[in-house]
Every structure is written in structure tokens, then in C-alpha cells.
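Novice: model the following, please.
(2 chains)
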Protein chains: 2
Amino acid sequence: MELAKAVQSEQLLYKQIYHYVVNQIERKEWKTHDKLPSVRSLATQFNVHRLTVLKAYQLLKKEGKIYVKDKSGYYVQPQITKDYEYSENPIIAAYTQKNHLSEIHRAPVTYNFSQALIDPNLLPNHFFSDYVKKVFDLYPKVLATYSTVQGDEELRELLAEYFVKQFKTHLTKDHLLITSGSQQAIHLISETFIKPGDIVLFERPSYSAAIDIFQAQGARIMTVDIYENGYDLEQLENMLKQYKPRLFYTNPTFHNPTGYTISVEQRKRLVELAEQYRCLIVEDDAYHDMYYEQPPPLPIYTYDTAGTVIYVRSFCKYISPGLRVATIISQPSTMPMLLTSKSLIDNGSPLLNQKIFLHYFSSLRLHQHLEKLRIALQIRKEMMEEELAKTNWKWSSPQGGLSLWVQLPDNLSIKSLLSKSLHHSISFVPGVVCDPLKQESRWIRLSFSYENEKKLKDGMKQFVELAQRLEEENNLNR
Amino acid sequence: MELAKAVQSEQLLYKQIYHYVVNQIERKEWKTHDKLPSVRSLATQFNVHRLTVLKAYQLLKKEGKIYVKDKSGYYVQPQITKDYEYSENPIIAAYTQKNHLSEIHRAPVTYNFSQALIDPNLLPNHFFSDYVKKVFDLYPKVLATYSTVQGDEELRELLAEYFVKQFKTHLTKDHLLITSGSQQAIHLISETFIKPGDIVLFERPSYSAAIDIFQAQGARIMTVDIYENGYDLEQLENMLKQYKPRLFYTNPTFHNPTGYTISVEQRKRLVELAEQYRCLIVEDDAYHDMYYEQPPPLPIYTYDTAGTVIYVRSFCKYISPGLRVATIISQPSTMPMLLTSKSLIDNGSPLLNQKIFLHYFSSLRLHQHLEKLRIALQIRKEMMEEELAKTNWKWSSPQGGLSLWVQLPDNLSIKSLLSKSLHHSISFVPGVVCDPLKQESRWIRLSFSYENEKKLKDGMKQFVELAQRLEEENNLNR
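Specialist: Numbering: from 1, shown residues only, chains lettered A, B, ... in the order given. Predicted structure coming up:
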């Protein structure tokens, strides 16, 4: 079985090289008629057999992306605009071409089930102007001042206290680095620790923006499957042993997109394995506070004693996306490098945002807000599940987070469904977007957090009807 | 003479390779006992003669940064903490080690002449709370919303109008990309267009943060000298022709650190040359509005017809550093790539900051503020010059900007002066920090914008006395 898995992974490697080349061409790193690296050099760079590279090159040639000249090598083909199956819809065309989530989000729809964002009406907007006023009273020159690179000291102190209380672990303000949102944190980590060709391990499926970030950095992406009961630890160890990834990007709590949560036992084992195989763990804990009934297990970070884990915590989502405040927790072994990167990237996040966040975060209102929000989210989740229960689709009910991960029946084309849905002003995320290996699958992500209850119900009814009609059509055409 | 310049440039190349290797080791890209690339492969990568790489490796070996093993190659030496000349002062030690400006800024001093920032007391702080209130009234959900990746549409429209009026050139909101400060803009451009080994041309001296950013991206840095009357166009063309740089980072208006301004004729010629040699121009126009009497010439960007120039304009400095709002102006040929990078880096700058900036920027107060600020800056500049006039130091009086670029006499060690100054709680920027080639020089940058008039006068008196005492000591010791 282990061998089978290894062979399977080897077979997927040529796809990685394929995507690397496509990415280089799309980003114009390699321009029209540029010569591609030789098969030999790319094989060395990716540490694979030359036949694997050749296989990728042949696929690229077949697809008209590169061409061969005499015996001198492979070259970038001039880009030809293609007619896509769904080219009448530019969003679908762009999505089909790139499998990027952002293309779907660009669609202005009535029923938005693709954004894993919280309905602005559930956020504590009307309180914020008070805090802003307070900030200007307290720090009249807040807009005349830069924050330090690491982030406002007062905010870091507050957050450190909060984490100590919440996680029962030792940490100080020096372990914290404030970023402008968790996406900047992930990008910062990628830029700091990954160079082209480095292997990065992802859960499969995973958070699409993180996949895009590491891929753009030139990482070679490997995956470990995530199941409702966690990882297959044998597969995980095998990947760590065989491929020695530089870094494992994980989202172990109310995992995006599946909603799964890794158990305490697996968390502890993961830290041991990561230490043993010298793999940095990046723990993205965006949904920690978004549980419905029971708080989730402690973060992987709290089991780390050797500085193996870098913890990323976003607060924007459920307080104020517009503030863009997130934090990295990192040990002295990794912090200085992250600070250097942050100083280059933007020299520190805006101080005003940090101060506003600080004053809201330290208020009692946060607690009240979270309690209300949890109930609202749970109600919406259950409403979505009520509609899904009318289908033969499969999903497992998560204990937190903002989305359901739903398996559709075999006889439903996800692409057709997406096209039809967008036509009816309904959006969702096709599973392939969340797959680091970009393979088509039967899964979709439906987020229940963005639309209000009425729209959620109406939209889901329409969506289910639409899918069932499509399914019937497909059955008739068989 | 051309040959002499080429030889000189070739000689400096080994320093570039030296710094590249040091940087790789410092960033732990290459770790202790890792094998370095072969001389041959690095020579290919940097497109230089193998002897040039060998020269760099020999210097690195001499300095104990790398070691040779048998005949198998060069390896990274374990890092040993060294005693520095000024190691009693950790800031000097860190600065000596890295020549990074940030190390100097970390020193808490009474008389700060190193920060090219505007005194917070000169900024329109007390008006801002009004605008913030207005923003919350107008957009009650501003904190619950993400900005688009490209930046708030309303702000981009306003800025486009402003630029059309100011520059008498055609542009629309689609040409603008809002960033979190100009440093993020420069980093974004570097990340989007530069890959390791690409040649980037800099003015010499230049803005140290920009040097750090492109160097961290792995750029090979070449320079063109900037004089009071602009470039030596022969040298400039020679560099473009011979080295085909991918990009030229320029700061043609009240140049940092020299204060020089490139003439209209040279601006036009620069665009022609850049088009001819297919070199992207990045025009950093941070000081455009910081003139004392006459507005500066139109930006290089306005002479561009072929999409060769990317324009970076910061507004933070003289309005609200804490807001971190800057914009890139870019043509359809370069904008899509920049947008992709921005979506990866942080998925868009915070909306609140953009809205606050928008409302201040569109008010009449901006105009009044700038008029007052210009007068205040000119007074401070003249006060600093008054103290400098008591020395035999040389400088040319700039027509805008926040600093003076001052040449000290030969018999003054800049390192000793920095150490002594910091000891007396006075900071300045040694010229070497602004030199892309990191050579010691007789130049320093003194910023007059950060301290109030009294402190400026007191600090400069002390500084001049201190330098003159040091000079006398040196003369006695000869």
C-alpha cells in the first residue's frame, strides 16, 4: 500500500512540473519564444526522473503551450486565445483557464455561497465608530506615526496575554508579529522560508489562496489527504520521510474547505513527526473562535517545544475584515527572518488599524458579539443542511467554520452546474479550486455565512432544484 | 573613458556576487556546511567571468564566511560572532554588520537627523478625527468590508482626476493600483518583475529600502551616477546597452538622498532610451509635492507612450504616515501582473484607510496644509544650512525634499562620527547605506524634517562641534 501511494505521488509529479511551467509562462517569467530549461536541469531542480519532466513537456506541447525546435530544445509558444466551453461567460472562461477562486468571487451574484466571509450585518459595525473616536482621543497623532515593523507593542502585549490565558502556554509580545490580514502572514512565511523548488506539503483539499501563494513562490507542492477523522498518519510520515518537505501548511481546526478538525492525539504526533523530519509547520487557525458549541482542541502550536510551529491567527473575519489585523506567533528561531521580510514588504502594518482593533478586542463587547455570532452561524448552517437533506448529496456536519463540503452525485458535471448557477446568480466553489493538485472532483464548498437567512433559504432551494434538473437532463442524455 | 567605466563596473561585479552570497547565508537560504554553487554555475547565473566569481569566493573565504573542502568545492562556514570595532554599541555593531538603515533608526535619539520623515506636529492630525467620523457616517459597514484588490474605486477615481489635472495626461482609475505605502508598491513591483539574477539599474546613491528590496529578490544591481545636473547620458546609455537591465529604479524629483532633480530634457531622453533598450522604468515620486518654491518638472511617466514607466506615488509622508496609502500608476501592459501579485500579497489594502484618505484628500484643507508645510520645511532646511555654513563641508541646496546630502572632509571617519553622534543622542545616515554598491564614502544624509526648530538648531550645533573635535583629534594623531 505504501508503494502504491509512492507510485501515485510520483505520477502526480509531472502535473506539478506542468503547472510550474504554465505558471512561469502566465507570469511572463518565460516569454514567447524563450527557451525552456533543459529536461535534465528541470529534473535536477525538482529532484525527479527525467522522464517525469519529459512527460510534463509532452503534455504542454500537446496543449500548444510549448513547441520543439529541431533538436535544440523546448520553447514558449505564442499564446493563442482559445474558445472555452463556457466562453460566453467571461467569469467561467477565466475560472476554467486558471482555476482561481478570485475569478468566481468577481461574479456579482444574488446568492453568494462561494465567499467564506461573514455577513456584514452580523459584524459589530455600529460600535466601531466609538472605538475609533476613543483611539483619536487617546493617540491624537496616530495617523502621523508609523507602527514598528513587528506591530504595535500595546496590541502585542494584549494578544500575548489573551493567548496565554486561552492556550495555557508561555508566550510574550516578542513572539508576536502583526500582519495586515492572515493572507499577508501566509505570503510573508512563504517568501521568508520557501525558495523555488522547495517542497511544501498541503492537506488535500486545502485553502486555495494559500496554494496560490506557495505556488507563485515556486514551491513544489505535495499533499496529504485529510479525512473526517484526521490524517492517515502512515501516509503523513511517509511523505515527510520520503520528500523532506520544507514546510507543512495546515489548517487543523474547522479545516477549510472540509470543516474537519484534527484530534489532540494527531496534533501531538504531528509535532513529533515535524521535529523528527525537520519540517516547519504553518498552522493557519482562522476559524478557532468560530465553533458552534464546544471550543476546539488547543492549537498544534501549544504542543511545540522546539520552534517547529509557526501559528497564524486571523481576527478580521469575525470582527472587522476591513481592519485587516492578524498575527503570527513564532519562536526566536524563526522570528528574526520573518521580521526582515516584513520590514521589506511594507515596513509594518498601519498603526490606526492596530489601535482600533486593540480597543475593540479588549472590550467586553467582543465576548458578547462572539456568543451571538456563534448562534447565528449555527442557525444558518442548519438551514443550509435542511435544504441539502432534500438531496442525495453527502456531507459531514462540521462543528465550526463557515462552510459545508458537499459531495455531489457522479452524474452531475460541476462545470455545467457552476455555469448554470452563475447564470441564476448563485455562486459556489468547485472542489478543484481547493485541490493543490487541481484534479476535478465531485466536491463543492458551500458557505452559509455570507447571506442572510431568507436569502440562504431561497438561494439553496433554487440551487438544489437547478442541480436536480441538470442531473435529470444528464440522465436523459445518457 | 567608456572602457574605463566598463572595467570599473566589471570590478564591482565581484562585490555584487559577494553580497549575494552573504545575503543567502544571512537569510539561511544556504545553511551551515551547505555546498555553495560551483564557480561555473554562478558565473553563468550572473553572466560574468569565472574569475569574477572566484574573486568573490576568495574574499568570502578570507572573511571566514565560507570554506573549501578538498577539491569538492566551497561550503558555508559556521557563523562566528565577531567583535566589532564599535561592538560596545549594539546599534553600531548591527549597522556595521549590515549597513542597514533600520539599525540606525532603532537608536532612540534626542536629535533625529536620520529619519526622512515629517515632524508629526506639522501634520494635520486634529482634522483627521472629523474625517474618520464622516467615513463611519457615510459607510457604516466600512470595517465589515474588504476593499477590491486594485483599491477602492472611489479613491482611484479621485486620484485619477487629480493626476489628470496635475499632469495634463490621460489616465483613468483603471491605471491605478492602491498599495499600503510606497514601500509595498516597490516590493510588489520587485516581486512581480524581477527574478534572481535579473539586472536592476539604480541611481548611485539611491533609496536604501529600495536597494534592500531588490537585493532580497536576488537582483543583480548595477548603478548609474546621479549628479546635480542629472545623469551622464553616455554612461546611462552604455549601461542600458551593455547590461540590458530589466528595470531602472529612479527617484528623479528631489532625489533621495541627494535632493537632485532630473531635467525635462533628460526625462524625455530617459524614456526614449528605456523604450529602445526595453528597460522598465520605476519612477518613485515620493517628494513631488515637497517643493519649497517652484513645482518640479512633470514626472517621467507623463512622457511615456509605450507603457515603459511604472509610477509610484506616496501620499503618506506629508499627510498621514499612519494611513499607509500610496498608488501605482501603470499601463495595461503591466497592470494585470501587478494585480495578480497584489492579490497574493494581501488581497487588497484596508478599506478604512483608503476611505479616510479619500475624504481628507478631496478637502480644501489639503491645499492649505501643503502650503504651510512647504514654508515650515524651507525654514528648517535653511536653519540646518545655517549651521552647516560654519563648517568646511560641502552640499548643494535642494529645491525640495526632506534632507541635505553633505560631503565631509577627508580626515573624518564617518564610522567614528556615527558612533560618537549616537553616543551624544544624534543620528544621521552614513552615505554607504544609500550606496547600492555599499562602498564607504565621505557623504552623509542629514534630514531636517523630523525635529522642531529648536531641537534642529541645538542638535546641529552639537553635531558640528562634535565633528570638528573629532577632526582635530584625527589631525593630531596623524
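Novice: please make it C-alpha for all contacts and neighbour counts, starting now.
Specialist: Will do.
Novice: okay, now the domains of chain A?
Specialist: Per the record, chain A has its domains at A:2-76, A:108-122+A:366-477, A:125-363, by automatic domain parsing.
Novice: so which of those domains comes closest to chain B?
Specialist: Nearest to chain B, of all the domains of chain A, is domain A:125-363, at 4.1 Å by CA to the nearest CA.
Novice: now the terminal residues of the closest one, how far apart.
Specialist: The distance separating the two terminal residues of domain A:125-363, taken as CA to CA, to the nearest Å, comes to 14 Å.
Novice: for stretch A:37-54, same thing?
Specialist: Here stretch A:37-54 reaches across 12 Å from its first residue to its last, counting by CA to CA.
Novice: same check, this time on stretch A:329-348
Specialist: Separation of the first and last residues of stretch A:329-348 by CA to CA is 16 Å.
Novice: same question, stretch A:305-318
Specialist: With CA to CA as the measure, stretch A:305-318 spans 30 Å from end to end.
Novice: so for it, what gets flagged as buried?
Specialist: Going by neighbour count (16 or more other CA atoms under 10 Å in any protein chain shown), the buried part of stretch A:305-318 is A:307, A:308, A:309, A:310, A:311, A:312, A:313, A:314, A:315, A:316, A:317, A:318.
Novice: follow-up on the earlier one: what's the closest of the domains of chain A to residue B:188?
Specialist: For the domains of chain A, the distance to residue B:188 is smallest for domain A:125-363, at 8.0 Å, taking CA to CA.
Novice: now residue A:146, nearest residue through space, not along the chain?
Specialist: Nearest residue to residue A:146 in three dimensions, chain neighbours excluded: residue B:322, at 5.1 Å (CA to CA, 6 or more residues apart in numbering or on different chains).
Novice: quick one: that neighbour and residue A:348 touch, right?
Specialist: No - at 9.9 Å, residue B:322 does not count as touching residue A:348 under the criterion of CA atoms under 8 Å.
Novice: who touches both of these two?
Specialist: Counting by CA atoms under 8 Å, 6 or more residues apart in numbering or on different chains, the residues touching both residue B:322 and residue A:348 are A:146, A:147.
Novice: in helices only, show me the buried residues of stretch A:305-318.
Specialist: Among the buried residues of stretch A:305-318, the ones falling in helices (DSSP state H) are A:316, A:317, A:318.
Novice: show me what contacts the second one?
Specialist: For residue A:317, the contact set (CA under 8 Å, 6+ apart) comprises A:117, A:118, A:286.
Novice: so can I have a markdown table of those residues showing neighbour count, secondary structure and pLDDT?
Specialist: A markdown table is the format used below for the contacts of residue A:317 (neighbours: other CA atoms under 10 Å in any protein chain shown; DSSP: H, G, I helix; E, B strand; the rest coil; pLDDT from 0 to 100):
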| residue | neighbour count | secondary structure | pLDDT |
| --- | --- | --- | --- |
| A:117 | 22 | coil | 90 |
| A:118 | 24 | coil | 92 |
| A:286 | 23 | coil | 94 |
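Novice: re the thing from before, give me whichever of the domains of chain A is most buried.
Specialist: Each of those was assessed for mean neighbour count using mean count of other CA atoms under 10 Å in any protein chain shown. The highest is domain A:125-363, with a mean of 20.
Novice: can you put the contacts of residue A:317 in CSV and add distance to residue B:172?
Specialist: Conversion of the contacts of residue A:317 to CSV gives the following (distance: CA to CA, whole Å):
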residue, distance to residue B:172
A:117, 31
A:118, 32
A:286, 37
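Novice: quickly find the element holding residue A:226.
Specialist: Secondary structure here is read from DSSP states H and E; on that basis residue A:226 sits in strand A:220-227.
Novice: show me where the stretch 251-400 of chain A has strands.
Specialist: Defined through DSSP state E, counting those that start in this stretch, the strands belonging to the stretch 251-400 of chain A, from first to last, are A:280-284, A:309-314, A:326-329, A:394-395.
Novice: which helices and strands does the shortest one pack with?
Specialist: Spelled out, that is strand A:394-395. With contacts defined as 3 or more CA pairs under 8 Å, 6 or more residues apart in numbering or on different chains; DSSP states H and E, strand A:394-395 has these neighbours: strand A:403-407.
Novice: output the contacting helices and strands for whatever helix or strand comes next after the strand it packs on.
Specialist: Read in the C-terminal direction, the helix or strand following strand A:403-407 is helix A:414-423, with elements assigned using DSSP H and E. With contacts defined as 3+ CA pairs under 8 Å, 6+ apart, the packing partners of helix A:414-423 are strand A:429-430, helix A:453-477.
Novice: mind doing that once more with 7 Å?
Specialist: Where contact means 3 or more CA pairs under 7 Å, 6 or more residues apart in numbering or on different chains; DSSP states H and E, helix A:414-423 is not packed against any helix or strand.
Novice: ok, back up a step: can you lay out the strands of the stretch 251-400 of chain A as TSV showing distance to residue A:212 and mean pLDDT?
Specialist: TSV is the format used below for those (distance: least, CA to CA, whole Å; pLDDT from 0 to 100):
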stretch	distance to residue A:212	mean pLDDT
strand A:280-284	15	98
strand A:309-314	17	96
strand A:326-329	19	97
strand A:394-395	26	96
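Novice: so which of the ones you listed gets nearest residue A:387?
Specialist: Between residue A:387 and the strands of the stretch 251-400 of chain A, the shortest gap by CA to CA is with strand A:394-395, which sits at 12.3 Å.
Novice: partners of that closest one in the sheet?
Specialist: Each strand that pairs with strand A:394-395, with its direction, by DSSP bridges: strand A:403-407 (antiparallel).
Novice: give me the distance from the partner strand to the chain's centre.
Specialist: In this view, strand A:403-407 has its centroid 15 Å away from the chain centroid, taken as CA atoms, centre = their mean, to the nearest Å.
Novice: over to stretch A:129-145?
Specialist: The offset between the C-alpha centroid of stretch A:129-145 and the centroid of the whole chain comes to 33 Å, using CA atoms, centre = their mean.
Novice: that one and chain B in contact?
Specialist: Yes - counting by CA under 7 Å from any CA of the partner chain, contacts between stretch A:129-145 and chain B involve A:129, A:133, A:136, A:140, A:141, A:142, A:143, A:144, A:145.
Novice: now swap in stretch A:214-229 and tell me
Specialist: No - contact check for stretch A:214-229 against chain B, using CA under 7 Å from any CA: none in range, with a minimum separation of 8.4 Å.
Novice: let me see the mean pLDDT of that stretch.
Specialist: On average, the pLDDT along stretch A:214-229 is 94.
Novice: stretch A:434-450 too?
Specialist: Stretch A:434-450 shows a mean pLDDT of 94.
Novice: picking up where we left off before, ok, residues contacting the strand holding residue A:226?
Specialist: Contacts made with strand A:220-227 from outside it, assessed by CA atoms under 7 Å, 6 or more residues apart in numbering or on different chains, are listed as A:16, A:197, A:198, A:199, A:200, A:201, A:202, A:203, A:204, A:231, A:235, A:236.
Novice: now the two most distant members of the residues you listed.
Specialist: The distance between the two most remote of those (CA to CA) is 25.0 Å, for A:197 and A:231.
Novice: got a list of what the closest residue to residue A:407 other than its chain neighbours touches?
Specialist: Leaving out its chain neighbours, the residue that sits closest to residue A:407 by CA to CA, 6+ apart is residue A:443, at 4.4 Å. Residues in contact with residue A:443, defined by CA under 7 Å, 6+ apart, are A:405, A:406, A:407, A:408, A:430, A:431.
Novice: one more time with 10 Å
Specialist: Under the criterion of CA atoms under 10 Å, 6 or more residues apart in numbering or on different chains, the neighbours of residue A:443 are A:205, A:257-258, A:393-395, A:405-409, A:414, A:429-432, A:434.
Novice: quick revisit: and which of the contacts of strand A:220-227 is nearest residue A:419?
Specialist: residue A:204 (24.7 Å).
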